[in-house]
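Asks: Provided below for reference: sequence and predicted model.
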Amino acid sequence: MADRSPPQVRSALTGMAWPGLPSRHATYNLALLYQLEHSQWLPAEDMLHLQFRQINLLLRHALETVPYYRDRRQEWGIELDHAISPEEYCRRIPILTRAEVQELGDKLLSAEVPKLHGKSGSVFTSGSTGMPIKVIKTELTETLWNAFTARDHLWHRDPKLKLASIRPLSGNEANYPEGKVFENWGSMEALTFVTGESALLNIGTRIQDQVEWLQRFDPDYLLTYPGNVQAIAIYCERNRIRFPRLKQVHTVSDLLRPEVRRICREVLGVPVVDVYSGAEVGYIALQCPESENLHIQSESVFVEVLDENGNACQPGEVGAVVITPLHNFAMPLLRYSIGDFAEVGRCSCGRTLPVLRRIMGRTRSMVRLPNGDEFYASFQDLLTGFDMIRQFQILRSASEALEMKLVATRRLTDAEAGQLTKILQQRFRHSFAVTFSYHDEIPRSAGGKFEDYKDEAEPGS
Ligand SMILES: [Zn+2]
């Protein structure tokens, strides 16, 4: 990023081309970005102090105006007249699960959202756990979202170049063959900065048509879901297609798997930049400009990664991700367990924002063994040494049987199949019978998410 010229602020004032003086909303965006530019380097204890200035405001608001929290203030022993410390916060406030959010419904809503936080609106999210919840957000949370989107662009992209997005859209919107072409990147990006062209295509488009569309639009950046770009790259590899101008793939929404990074590098010749976000909580972490680490967005969320005893994980350890979004006063979520696991990491880039080395996916990937044991199976590094495999899905086809569906550049040899069977039996801690099947593609589930493990033997799953 050091070799890029600074982004040019879009001026909204007649007779003023430079320096740019943008519209009011874009000015908010720039005011936040200015602070984010500095806060990414703050000493950790300063950041924690600032986060808790905000959390204390949020907590007080929740205890005074949100029925669920108001009813529990005494039980939790929280005094309103003194500021809570991080240690006290984590000790006194119990973790809120997704099932509880579903159950509590309107009891989590504030009766008195500050007027200046703007209008409230609801989003439904099924998340990755297939448990739909309704979350109320405000215009203020949108303002924050925009600033972190801009930070992600400034960390990774030159806004003057061409951006293509392929994502889920309702009905026939942006259908092939045209999609939709815009003269700028749209939304807050284009209000704030001078940007290049952008184009949008419905993700429901057949893969060969997506590829043809990308060849025509010829973007510098492609934003899409990991499973979708994986299918694009597999198609390009088979048909020897490259996109000469493409510089980067930007993945959103689903869990990014290492083999998707690999096929993008090998076949498309570009790196992947990932984000970790949730519809209900906003941005959680953005990829470091200098590595594949994810930096927690501490200016927007307070994140804990906790082991099964509720203790904070150290670098190298994996735990449950627990989140407090700092600015949603319409529906405060205090210590909300989002249902993901992550490995805590370290980064050498100099930014002090805490690091997640990788997101381990979702609680639903819990595997239940015939003996009743349950565990979270990690598939992240499963394919080390199996470079011929482009995509896989593991099906629990019967109580004692696994089927591994593969999209591969060639079939496994008997020795490789034997080796992979052993790895799976170790990983699953059970001597399952393993079979392999070969496929041209592995479709996404109805909700558009890609599942790496599906249990078809367990009733009710
Ligand atoms: Zn870093």
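Replies: Thanks, I have the structure now. Just so it is clear, the model here is predicted, and its values are computed rather than measured.
Asks: Hmm, His250 is touching His153, no?
Replies: No. Applying Cβ atoms under 8 Å as the test, His250 and His153 come out as separate, 9.3 Å apart. Bear in mind the C-beta positions are built from the backbone N, C-alpha and C, glycine included.
Asks: ends of stretch 426-434, how far apart?
Replies: 12 Å (Cα to Cα, to the nearest Å).
Asks: Likewise for stretch 320-340?
Replies: 6 Å.
Asks: I'd like to know how far the residue nearest to the spatial centre of the chain sits from Met188.
Replies: In the chain, the centroid-proximal residue (Cα atoms, centre = their mean) is Tyr276; its distance is 2.4 Å. Per Cβ to Cβ, to the nearest Å, Tyr276 is found 20 Å from Met188.
Asks: same deal with Ala62?
Replies: Taken as Cβ to Cβ, the span from Ala62 to Met188 is 28 Å.
Asks: Confirm the residue nearest to the centre of the chain sits in a strand?
Replies: Yes. Counting by DSSP: H, G, I helix; E, B strand; the rest coil, Tyr276 is found in a strand.
Asks: just to revisit the earlier point, neighbour count: Ala62 and Met188, which is higher?
Replies: Applying other Cβ atoms under 10 Å to Ala62 and Met188 shows that Ala62 carries more neighbours, namely 23 against 20.
Asks: That one sits in which helix or strand?
Replies: helix 44-65 (DSSP states H and E).
Asks: Who are the packing partners of that helix?
Replies: Applying 3 or more Cβ pairs under 8 Å, 6 or more residues apart in numbering; DSSP states H and E, one finds that helix 44-65 contacts helix 67-70, helix 86-92.
Asks: from those, which stretch is densest packed?
Replies: Ranked by mean neighbour count, the helices and strands packed on helix 44-65 are led by helix 67-70 with a mean of 17 (mean count of other Cβ atoms under 10 Å).
Asks: Remind me what it packs against, helices and strands.
Replies: helix 44-65.
Asks: Flag every buried residue along stretch 395-414.
Replies: Leu395, Arg396, Ser397, Leu402, Glu403, Met404, Lys405, Leu406, Val407, Ala408, Leu412 (16 or more other Cβ atoms under 10 Å).
Asks: can you list contacts of that stretch?
Replies: Stretch 395-414 is touched from outside by 234, 237, 367, 370, 386, 388-394, 420, 424, 428, 432-442, 453-458, with contacts defined as Cβ atoms under 8 Å, 6 or more residues apart in numbering.
Asks: now the end-to-end length of that stretch.
Replies: Terminal-residue distance, stretch 395-414 (Cα to Cα): 20 Å.
Asks: Now do it, average pLDDT.
Replies: On average, the pLDDT along stretch 395-414 is 92.
Asks: Repeat that for stretch 6-26.
Replies: Taken as a whole, stretch 6-26 has a mean pLDDT of 92.
Asks: now the helices for the stretch 151-300 of the chain?
Replies: 187-192, 207-217, 226-238, 258-263 (DSSP state H, counting those that start in this stretch).
Asks: Is it correct that Met188 is in contact with Asn146?
Replies: Yes. Counting by Cβ under 8 Å, Met188 touches Asn146, with 4.0 Å between them.
Asks: list residues touching both of these two?
Replies: Contacts common to Met188 and Asn146, judged by Cβ under 8 Å, 6+ apart, are Asn29.
Asks: before we move on, the earlier item: are any of the contacts of stretch 395-414 buried, and if so which?
Replies: Using 16+ other Cβ under 10 Å, the buried ones in those are 234, 237, 367, 386, 389-394, 420, 424, 428, 432, 434, 436, 442, 453-455, 457.
Asks: Out of those, name the ones that lie in strands.
Replies: Val367, Ile389, Arg390, Gln391, Phe392, Gln393, Ile394, Val434, Phe436, Tyr453, Lys454, Asp455 (DSSP state E).
Asks: The first one is in contact with Tyr453, isn't it?
Replies: Yes. With contact taken as Cβ under 8 Å, Val367 and Tyr453 are classed as touching, separated by 7.0 Å.
Asks: Tell me, what's the model's pLDDT at the residue of the stretch 51-200 of the chain found nearest the ion?
Replies: Using Cβ to the ion, the single residue of the stretch 51-200 of the chain nearest to the ion is Trp155, 9.6 Å away. We have a pLDDT of 97 for Trp155.
Asks: can you count the residues close to the residue lying closest to it once chain neighbours are set aside?
Replies: With Cβ to Cβ, 6 or more residues apart in numbering as the criterion, Trp155 has its nearest non-adjacent residue at 4.3 Å, and that residue is Pro289. Residues lying near Pro289 (other Cβ under 10 Å) number 16.
Asks: gap between Pro289 and the ion?
Replies: The gap separating Pro289 from the ion is 7 Å, by Cβ to the ion, to the nearest Å.
Asks: Is it correct that that residue is in contact with His156?
Replies: Yes. At 6.2 Å, Pro289 counts as touching His156 under the criterion of Cβ under 8 Å.
Asks: Check the secondary structure at Ser348 for me.
Replies: Going by three-state DSSP: Ser348 is coil.
Asks: if we can go back for a sec, mind checking which of the buried residues of stretch 395-414 are in strands?
Replies: Among these, the members falling in strands (DSSP E) are Leu395, Arg396, Ser397, Leu402, Glu403, Met404, Lys405, Leu406, Val407, Ala408.
Asks: Out of these, which comes closest to the ion?
Replies: Scanning these for proximity to the ion, where the rule is Cβ to the ion, the winner is Val407, at 32.4 Å.
Asks: Tell me the residues of this protein that contact the ion?
Replies: Counting by Cβ under 5 Å from the ion, the positions of the chain adjacent to the ion are Cys288, Cys347, Cys349, Arg351.
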